[in-house]
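*Asks:* Kindly generate the corresponding structure for this input.
(one chain, ligands or ions: 1)
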Amino acid sequence: MSDPTIKGLPPPPKSYDGSSFRIAIVHARWNDAIIKALVDGTISKLKAQGVKEENIVVKSVPGSYELPFACRGLIEAGKTQSANAAPSMIASTTNLLSLIDNTTSTAPSGQTQSSSSSSAQQSSGASTAPFDAVIAIGCLIKGSTMHFEYICEAVTQGLMRVQLDSGTPVVFGVLTALTDDQALERAGIGRGEKGPGHNHGEDWGLAAVELASHAKDWS
Ligand code: DLZ
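*Replies:* Predicted structure coming up:
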């Protein structure tokens, strides 16, 4: 049994105000039940820190391997959208955003939300500023081949590269679990005698607002 005073994330040194932030969540759809719990946990902490629902953009990709490409595309699209105020440019950037997911994306409580709703949000007063942070969410579970190791390595390196190249914080919300139970426990839906575990999505929501605040302070 691990000592809770040693492992894990302590409470933040101060509370952060996310009310002016625009945050993107990009999640993989592999291992769906775990992903839904993680996305819910992330959104709950974003909102708890004041991030407005209309300024949380949720997109999905098939698997974790696609996360770096999608994060990069969203960050670029957000910057273009902000720089070009003309309605024709906003329309074309919205198309770019929807290219990443032209079906559905996960909304709080497991509901689905059409990606086309992001364009509706823009007409209803949502921010069109560049994203202050992006949260990449995936769940890799080891199988019997080397696939797991290669994808873990590629995604980790890819997400780090995206945030350093773009200057936009990218939160590493990718579980790399050796068993199903490890993943379930880290999504707060564990089924074993250890109990439900802790939803790491909550930590990722906290990290996004903290990093976005630092990025604002340092610029
Ligand atoms: C192929 C694959 C496998 C075996 N396992 C996972 C996984 O556990 N979690 C995950 O997010 N994605 C997995 N994928 C899919 C890859 O990430 C990727 O979508 C495909 O290789 C297509 O590029």
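*Asks:* residues from the chain in reach of the ligand?
*Replies:* Residues of the chain lying near the ligand by C-beta under 6 Å from any ligand atom: 28, 30-31, 62-66, 138-141, 143, 147, 151. All C-beta atoms are positioned from the backbone trio N, CA, C, and that covers glycine.
*Asks:* ok, now with 5 Å
*Replies:* Counting by C-beta under 5 Å from any ligand atom, the residues of the chain close to the ligand are 28, 30, 62, 63, 64, 65, 138, 140, 141, 147.
*Asks:* Can you list which of these are found in helices?
*Replies:* Judged by DSSP state H, helices contain the following of the residues of the chain next to the ligand: residue 147.
*Asks:* wait, what's in contact with the residue in the chain positioned nearest to the ligand?
*Replies:* The minimum distance from the chain to the ligand, using C-beta to the nearest ligand atom, falls at residue 63 (2.1 Å). By C-beta atoms under 8 Å, 6 or more residues apart in numbering, residue 63 lies in contact with 28, 29, 30, 138, 151.
*Asks:* now do residue 28
*Replies:* 35, 60, 61, 62, 63, 64, 66, 67, 137, 138, 139.
*Asks:* now it, nearest residue through space, not along the chain?
*Replies:* Spatial nearest neighbour of residue 28, chain neighbours left out: residue 138 (3.9 Å); criterion: C-beta to C-beta, 6 or more residues apart in numbering.
*Asks:* Can you give me the distance of the residue of the chain closest to the ligand to residue 197?
*Replies:* Separation of residue 63 from residue 197 (C-beta to C-beta, to the nearest Å) stands at 23 Å.
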